[in-house]
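Enquirer: sequence unknown, structure follows:
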């Protein structure tokens, strides 16, 4: 715990313990989300929602990856994963698979289009 009179350390273990409510990340084979999984909010934050969970629900109106959420909240991915697992259990967010490489256009085609546009 922090000592009395000592300023709150944003990255301290007390904050991470509070955000995750003391839960640990699940084993990797049971983890519901991956670093590149896209998260989309399915509900608005309700009164009494933890500040970090409310922030996730507000920022995920459009798909964001777990890595982006972690960066915006300035929290480790493991803590964000625990937070997202709770929101998933409550059906307040949904997880979408990232765009696969097969869906992306061929890089050579993009390069040819770029060169064609530059020649205009």
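Expert: Arrived safely. Since the structure is predicted, the reported quantities are computational estimates derived from the model, not experimental observations. Numbers count the residues shown, from 1 in each chain.
Enquirer: what about residue 95, which helix or strand?
Expert: strand 93-96 (DSSP states H and E).
Enquirer: List the neighbouring strands of that strand plus their orientation.
Expert: The strands beside strand 93-96 in its sheet (DSSP bridges) come out as strand 38-41 (antiparallel).
Enquirer: Could you list the residues in contact with the strand it pairs with?
Expert: 33, 56-58, 60-66, 69, 84, 92-98 (CB atoms under 8 Å, 6 or more residues apart in numbering). All C-beta spots, glycine's among them, are computed from the backbone N, C-alpha and C.
Enquirer: Quick one: mean pLDDT for it?
Expert: Mean pLDDT, computed over strand 38-41, is 92.
Enquirer: immediately after that strand, which helix or strand?
Expert: helix 51-59.
Enquirer: what about stretch 34-45, how long is it end to end?
Expert: Taking CA to CA, to the nearest Å, the first and last residues of stretch 34-45 lie 23 Å apart.
Enquirer: Report whether residue 110 is found in a helix, as I expect.
Expert: Yes. Under DSSP: H, G, I helix; E, B strand; the rest coil, residue 110 falls within a helix.
Enquirer: Start the count at 45 instead of 1 going forward.
Expert: Yes, from this point I'll number from 45; that puts the last item at residue 154.
Enquirer: Give me the phi and psi for the spatially most central residue of the chain.
Expert: In the chain, the residue lying closest to the centroid (CA atoms, centre = their mean) is residue 110, at 2.8 Å. When read as degrees, to the nearest 10, the backbone of residue 110 gives phi -60, psi -40.
Enquirer: Tell me how many other residues crowd residue 107.
Expert: By other CB atoms under 10 Å, 16 other residues sit near residue 107.
Enquirer: cool, and residue 77?
Expert: Look at residue 77: counted by other CB under 10 Å, it has 20 neighbours.
Enquirer: Could you pull out the helices in this structure for me?
Expert: Assigned helices in the chain, in chain order: 57-63, 95-103, 110-117, 121-133, 151-162 (criterion: DSSP state H).
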